[in-house]
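Colleague: turn this into a model:
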Amino acid sequence: MKLIVVESPTKAKTLSRFLGDQYSLLSSKGHVRNLPKSKLGIDIEKQFAPQYIIPLKSKKIVGDLRKEAKKADEIIFASDEDREGEAIAWHLAEVLGLKPDQYKRIAFHEITPTAIKEALKSPRAINIDLVNAQQARRVLDRLVGYKLSPFLWKKVMGKLSAGRVQSVAVHLIVKREEEIQKFESQEFWSITAFLQKEKGEEIIEANLLKKEGEVLSKFSIPNKKESDEIIDYLQKQNYEVVDSQTKETKKYPLPPFTTSTLQQTAGRKLYFSAKYTMSLAQKLYETGLISYHRTDSVILSKQALDQCQKYISEKLGKKYWPGKPTFYKTKSKRAQQAHEAIRPTNAQKIPEELKTKLKGPSFRLYQLIWQRAVASQTAAAVFNNSRIDIKAGDYTLRATGQNIKFDGFLKIYPIVSKEKHLPELKSGDKLQLKEISPEQHFTQPPGRYSEPSLVKELEKLGVGRPSTYAPVISTIQLRNYVQKKENRRFYPTEIGTIVDHLLSEHFPKIVSSILTAEMEENLDQIAQGKKKWPSVIKDFYQDFNDTLEKKYKEVQKKDLTKKTNRKCPKCGAPLIQRMGRFGEFYACSSFPKCKYTEPLATKKTGVKCPKCQKGELIEKRTKKGKIFFACDCYPKCDFALWDKPTGEKCPKCGSLLVEVGKNKTKCSNKDCQVKKSVKK
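Modeller: Sure, this is the predicted structure:
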């Protein structure tokens with residue numbers, strides 16, 4: 001009997017469908033060894049050697065594996081082909097006490113019969129360079145987390161954490177918020193004329209473009225006064241076409257998904273979080289529907305290219321096939337081009353045929369992956385772009401239009417593009433002015449990060465790996481450093497801002513995207529066998545530890561508190577403002593002798609409690625930090641709502657209306673028949 005060990009029960013179940021009775025399949029359920037939670041677990045004096053243990057949850061699994069390994073004629077490790085998978089295979093070999101000639105290592109990019117059979121034909125040794133790169137990252141993150149987090153506990157408050165990539169992510173969000181708060185808006189105006197050749201004919205919408213042949217800048221019309229002067233001038237002019245052009249342009253398909261672009265696109269199109277996207281992709285991979293989902297490559301295998309060509313030619317028609325495969329180059333500097341892009345394992349498995357097999361979210365993600373991969377090999381879309389330049393005295397206006405001539409890849413992967421038709425006009429044609437419309441604008445501050453835009457920025461800066469983005473974004477929310485609010489955008493919390501400012505001032509290398517990206521480059525060089533991991537860790541740790549010891553002496557907790565003129569009602573000592581996980585609060589300065597605390601001024605809603613008619617609804621938080629709204633007469637009145645009350649009442653039942661989204665409200669009464677959200 002041959003024993004194949006994988007890391008996932010679902011993966012084992014899928015493989016068992018392809019392999020015969022001569023194979024036994026077991027799952028390690030992830031890593032079977034890890035660093036201990038109770039201590040640092042790294043021997044700094046011995047080349048930063050990790051002190052691995054078998055966690056309690058893995059002891060039974062390891063026991064079962066050892067029993068099966070003794071009975072097996074051959075042992076094969078088939079964990080994923082990335083660094084994490086390589087490390088899992090290495091740890092398995094270590095806990096089973098196997099020498100290199102006592103096991104085989106296979107890897108594959110997709111879970112299909114063909115891929116598995118090919119992998120079994122050509123087993124290889126464990127790639128120790130990949131293992132070392134994974135170990136280096138684990139040790140590095142442990143050193144930062146277990147050394148820097150206690151500093152935050154002592155100087156700020158307990159239950160805080162710091163990490164290389166998470167600190168950079170928080171720093172980006174905090175800096176963006178500061179940019180928004182400092183932003184000064186600038187006014188500008190635009191002018192649009194509505195014209196037609198003859199009465200009853202098609203209206204042409206033309207925007208002011210030039211004055212005396214010079215292109216107007218964004219701020220050429222800075223206020224209403226100047227806008228009115230231009231409009232007054234234009235209303236007295238004759239309008240004549242001076243140029244009319246139509247040009248054919250092509251729009252080419254996007255490359256198939258990488259991990260990062262999948263997370264970004266699923267976030268924008270499907271509103272999935274990065275964590276949820278990766279969870280769904282993991283299941284699709286393990287059930288054999290898509291190729292491996294942790295990759296930064298945009299390459300498609302010959303088999304995949306052939307499948308796409310067949311589908312496009314047979315199902316869409318030969319005009320949709322560009323005549324040869326399309327190859328893409330990655331923009332990522334550290335892409336591992338030996339891997340392959342995310343794609344369906346069989347392009348002939350069209351999404352519609354899997355609707356009964358896949359649940360809603362899984363189906364939508366598979367559909368997105370299938371569309372993107374197949375569309376990447378489809379012919380370009382062709383557009384007719386038109387423009388008409390119109391003279392009006394000293395000014396020139398321009399009307400633009402666009403029409404699809406050939407949909408190409410858009411037939412598979414639709415991209416929202418508004419068609420706008422322009423009538424056929426030629427130079428010299430006279431036009432009649434129907435209306436002139438001015439519009440006031442103000443420059444907008446940079447937008448707050450959403451999950452997709454944060455992932456994009458981290459990738460652009462070279463911080464972390466695509467596979468780390470989902471857990472990092474999850475962690476910074478769990479720690480209450482940032483919160484998602486309007487339009488699913490990230491806002492830094494008070495504690496997130498304080499921690500970021502503290503790290504920025506005293507540990508600038510930790511929040512520096514440049515230095516963090518340099519460390520990622522070092523990890524890549526370890527994976528390629530070009531650097532030794534203990535020396536990389538040593539170079540980082542010496543400076544980091546020296547700075548940490550220095551800052552323990554320099555930074556005082558009292559410097560992070562604010563004095564007040566108030567006295568503690570319990571013992572009479574001065575009250576100070578301290579920082580808690582969910583913001584600032586009053587605390588007795590004689591702590592721990594006196595443990596009196598008091599919240600700062602509560603956020604009021606101005607809405608009278610509908611139950612007792614005496615109290616006011618105020619914003620409060622649960623122990624886990626979730627916001628709710630309750631009567632300030634509690635415990636005499638226990639009225640509470642999860643959603644913010646607007647102060648208005650439901651026209652149907654008289655209960656309070658509450659906010660449930662941007663410019664939307666609903667009735668707070670669950671039994672009310674008026675359940676549809678209404679515009680405020």
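
Colleague: who touches stretch 260-268?
Modeller: 255, 257, 272-274, 277-278, 281, 293, 296, 332, 342, 365, 368-369, 372, 450-453, 455-456, 459, 466, 469-470 (Cβ atoms under 8 Å, 6 or more residues apart in numbering). Any C-beta I mention is one placed from the backbone N, CA and C, and that applies to glycine too.

Colleague: starting at the chain centroid, how far to the helix or strand where residue 264 lies?
Modeller: According to DSSP states H and E, residue 264 maps onto helix 259-265. Computed by Cα atoms, centre = their mean, to the nearest Å, the chain-centroid distance of helix 259-265 equals 8 Å.

Colleague: just to revisit the earlier point, can you flag which of the contacts of stretch 260-268 belong to strands?
Modeller: Using DSSP state E, no member of those sits in strands.

Colleague: tally up the residues packed near residue 602, please.
Modeller: For residue 602, the neighbour count with other Cβ atoms under 10 Å is 11.

Colleague: spit out the contact partners of it.
Modeller: Counting by Cβ under 8 Å, 6+ apart, residue 602 has contacts 618, 619, 620, 632.

Colleague: I'd say the second one and residue 627 touch.
Modeller: Yes: A contact is recorded between residue 619 and residue 627 when judged using Cβ atoms under 8 Å, the distance being 6.1 Å.

Colleague: please name the residues that touch residue 518.
Modeller: For residue 518, no residue meets the contact criterion (Cβ under 8 Å, 6+ apart).

Colleague: for it, give its distance to residue 476.
Modeller: 22 Å (Cβ to Cβ, to the nearest Å).

Colleague: what's the answer for residue 364, then?
Modeller: Going from residue 364 to residue 476 by Cβ to Cβ gives 26 Å.

Colleague: cool, and residue 420?
Modeller: In this view, residue 420 and residue 476 are 42 Å apart by Cβ to Cβ.

Colleague: between the two, which one's more packed in?
Modeller: residue 476 (25 against 13).

Colleague: residue 171 is in contact with the more buried one, correct?
Modeller: No: between residue 476 and residue 171 there is no contact under Cβ under 8 Å: 10.4 Å.

Colleague: picking that back up, buried ones among the contacts of residue 602?
Modeller: Among these, those classed as buried by neighbour count (16 or more other Cβ atoms under 10 Å) are 618, 620.

Colleague: how many residues are close by the closest residue in space to residue 442 that isn't next to it in sequence?
Modeller: With Cβ to Cβ, 6 or more residues apart in numbering as the criterion, residue 442 has its nearest non-adjacent residue at 4.5 Å, and that residue is residue 185. By other Cβ under 10 Å, the residues close to residue 185 number 9.

Colleague: again with residue 7
Modeller: For residue 7, the tally of surrounding residues (other Cβ under 10 Å) stands at 22.

Colleague: before we move on, what about residue 297?
Modeller: Residue 297 is flanked by 22 other residues according to other Cβ under 10 Å.

Colleague: so what's the residue nearest to residue 373 when sequence neighbours are not counted up against?
Modeller: Nearest residue to residue 373, sequence neighbours excluded (Cβ to Cβ, 6+ apart): residue 343, at 3.9 Å. For residue 343, the contacting residues are 256, 257, 290, 291, 300, 304, 369, 373, by Cβ under 8 Å, 6+ apart.

Colleague: give me phi/psi at residue 343?
Modeller: With angles defined as degrees, to the nearest 10, residue 343 sits at phi -160, psi 160.

Colleague: and it, what's its pLDDT?
Modeller: Looking at residue 343, its pLDDT reads 97.

Colleague: grab the most central residue of the chain for me.
Modeller: The centre of the chain sits closest to residue 451, judged by Cα atoms, centre = their mean, with a distance of 3.1 Å.

Colleague: so how far is residue 272 from it?
Modeller: Computed as Cβ to Cβ, the residue 451 to residue 272 distance reads 9 Å.

Colleague: could you do residue 147 as well?
Modeller: Distance of residue 147 to residue 272, given as Cβ to Cβ: 35 Å.

Colleague: next one: residue 502
Modeller: From residue 502 to residue 272 the distance is 33 Å (Cβ to Cβ).

Colleague: quick one, which of the two is more surrounded?
Modeller: residue 272 (24 against 21).

Colleague: what's the local residue count around the closest residue to that one other than its chain neighbours?
Modeller: Nearest residue to residue 272, sequence neighbours excluded (Cβ to Cβ, 6+ apart): residue 266, at 4.4 Å. By other Cβ under 10 Å, 26 other residues sit near residue 266.

Colleague: before we move on, which element is residue 12 in?
Modeller: Residue 12 belongs to helix 9-18 when assigned by DSSP H and E.

Colleague: list the contacts of that helix.
Modeller: Under Cβ under 8 Å, 6+ apart, the answer for helix 9-18 is 4, 6, 23, 25-27, 29, 78, 111-113, 116-117, 283, 286-288.

Colleague: again, but for stretch 357-373
Modeller: Stretch 357-373 is touched from outside by 254, 256-257, 262, 265-266, 269-270, 272, 276-277, 280-281, 283-284, 289-290, 300, 304, 308, 341-344, 347, 349-351, 354-355, 412-413, with contacts defined as Cβ under 8 Å, 6+ apart.

Colleague: now, the residues you listed that are in helices?
Modeller: Per DSSP state H, helices hold the following members of those: 262, 265, 276, 277, 280, 281, 283, 284, 304, 308.

Colleague: that older thread, out of the contacts of residue 343, who's nearest residue 323?
Modeller: Using Cβ to Cβ, the shortest approach to residue 323 within the contacts of residue 343 belongs to residue 300, at 16.6 Å.

Colleague: my guess is the closest one contacts residue 340, does it?
Modeller: Yes: at 6.5 Å, residue 300 and residue 340 qualify as touching, with contact defined as Cβ under 8 Å.
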